[in-house]
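Chemist: Got a predicted structure plus its sequence, pasted below:
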Amino acid sequence: MQIRQPQTPGIGGLKELTSAELAFIQGLAGGSFVEGDLFYYTAGAITRFPIGTNGQILSSDGTDPVWSSAGAGDMVLATIQTVTAAKTFNSGKLILAGATSGTTILNSGAIAGSSVLTLPVATDTLVGKATTDTFTNKTFDADGTGNSITNIENADIKAAAAIAVNKLAALTASEIVITDASGFIASAAVATYPSLTELTYVKGVTSAIQTQLGTKAPTTSPTFATSITGSYLTASEILITDGSKNIVSAAVATYPSLTELTYLKGVTSAIQTQIGTKAPTTAPTFATSITGSYLTASEMLITDGSKNIVSAAVATYPSLTELTYVKGVTSAIQTQLNARLPLAGGTMSGNITLGENTSIALDPAGSADGKYSGTTVTGTGGATIAFGDLVTLDKDDSRWELVDISVAAAATGDARGIIGIAVTSSSDGGALTILLNGIIRADANFPALTIGAAVYASTTGDIVVAQPTTVDYVIRVVGHALTADEIYFNPENDWITHIT
């Protein structure tokens, strides 16, 4: 690069340059340049500023010039430049450059298409509808005419916003809140969802309700695998439903007991219908005879301990034949019997008068050994006495002693006095019954008898069939044989003594 002196003095030749201007010119010497290069001064030296790329605009970063991207048709205004006339911009941008704010007035006339005007970042940015930006310190009047807010998402609301619930649209009072198919909060209508009262019933549930329900029986036609236990029920009672259809125990004070219920077993038709054909228990009237299939034919009827009508067994009670013997009785039978002498014997307070052709009949033949009939007296035994022994009343002690035909008169056992025959056994001092006259059978004590032959007293209290022959022995007939082992006892009042 060459620097030449101008040919015409006074028009800015080299001699007219200041030292600074000369230094700037000299700084260009020796440089390599291309078309479009620019130069600027920085840090005390001339610095080459290469040309920018197509479409860039020259701007400043506040210290040095810089190239920056810009759209076609951009107009760049310096920070201190004022555009006073109205300007019309077609598709493009109006950029306010510099460190301070600028003012731009846009014509209100209609412009085809859409335009975007961006303000410097040092103050605010004017944003169009198609941009994505953040509003700061702005108030939006949603109630203003034509205003509305749309497309607000959960992420658009900060966590600390603390939006009051009453700012939301009012829901139906006292209903559960759910999200609807669009994800919005909504009231759960009680026609479909549980009411708050029904929701309280979930309180206290300890596990999944459906799982628990799966182990329960349905209310309609349930089937139970085991017995059902109701802790509130009373044991061993019938179950009924009360006025509220609850299953309860049927108190035995009012309803049948289980035992009474068993009495229905075997019923073949309506009980009331059957009862209607039965006679009442109080004053019943029967149109026909009563038949009891459980009764015994031809027996009296009585009531048992439970007041049931039963047959009176003839083994214990009179037969119908025996009952006929009551016919004709005119007063209490027992009273009449008490006024009569019993068959077992007794004491009569009056005389017995036998009418004509009547008698006292003795049993003509004893049925077995030890049998007797006749006139007796009771007394006290004076020795060991057996049934069928001959005894005599002792004059000294009034005891009955064994007869001994060998003793002297008035001695113990003397056969000369009153003689009887024992019909009970006794001992010295024991009670004794003595037959004075009658019939007696003593197989074990009597010898073999000859029917019709006389029998005599002996020395040992026994009867003998042979008349005694010993000197001074008393000979006394005491009776005659009726059979081989039975005698008619009738001691003769006379006695004799054998002297030779």
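Modeler: Nice, I can see it. Residues are numbered from 1 along each chain as shown.
Chemist: number of nearby residues for the nearest residue to S373 once chain neighbours are set aside?
Modeler: Once its chain neighbours are removed from consideration, S373 has its nearest residue in D363; the separation is 4.2 Å (Cβ to Cβ, 6 or more residues apart in numbering). Any C-beta I mention is one placed from the backbone N, CA and C, and that applies to glycine too. Number of residues near D363 (other Cβ atoms under 10 Å) recorded here: 15.
Chemist: Kindly state the beta-bridge partners for I46.
Modeler: I46 has the following beta-bridge partners by DSSP bridges: Y41.
Chemist: That one - how many residues pack around it?
Modeler: The number of residues packed around I46, counting by other Cβ under 10 Å, is 16.
Chemist: sorry, back to before: would you verify that the residue nearest to S373 is located in a helix?
Modeler: No. Going by DSSP: H, G, I helix; E, B strand; the rest coil, the assignment for D363 is coil, not a helix.
Chemist: can you pull the contacts of it?
Modeler: Shown in contact with D363 (Cβ atoms under 8 Å, 6 or more residues apart in numbering): K371, S373, I439.
Chemist: Can you show me the helices along the chain?
Modeler: In the chain, the helices defined using DSSP state H lie at 19-27, 196-200, 209-214, 258-262, 271-276, 320-324, 333-338.
Chemist: where's the nearest residue to I51 once chain neighbours are set aside relative to L213, distance?
Modeler: Residue nearest to I51 in three dimensions, not counting chain neighbours: G36, with 3.4 Å by Cβ to Cβ, 6+ apart. When distance is defined by Cβ to Cβ, to the nearest Å, G36 is 89 Å away from L213.
Chemist: cool, and Y263?
Modeler: In this structure, Y263 lies at 41 Å from L213, with Cβ to Cβ as the measure.
Chemist: With A186 instead?
Modeler: Separation of A186 from L213 (Cβ to Cβ) stands at 28 Å.
Chemist: Which of the two has more residues huddled nearby?
Modeler: More neighbours surround A186 than the other of A186 and L213, with 17 against 10 (other Cβ under 10 Å).
Chemist: The more buried one and E175 touch, don't they?
Modeler: No. Using Cβ atoms under 8 Å, A186 and E175 do not qualify as a contacting pair, with a distance of 9.3 Å.
Chemist: Neighbours of T324, how many?
Modeler: Other residues close to T324 by other Cβ under 10 Å number 10.
Chemist: do the same with T53
Modeler: By the criterion of other Cβ under 10 Å, T53 has 8 neighbours.
Chemist: Pull out the buried residues from stretch 371-387.
Modeler: By neighbour count, and taking 16 or more other Cβ atoms under 10 Å as the criterion, the buried residues in stretch 371-387 are K371, Y372, S373, G374, T376, G379, T380, G381, G382, A383, I385, F387.
Chemist: Now do the contacts for the second one.
Modeler: It refers to Y372. With contact taken as Cβ under 8 Å, 6+ apart, Y372 is in contact with G366, V423, L435, G438, I439, I440, R441.
Chemist: wait, P65 sits on Y41?
Modeler: No. With contacts defined as Cβ under 8 Å, P65 does not count as touching Y41, sitting 10.8 Å away.
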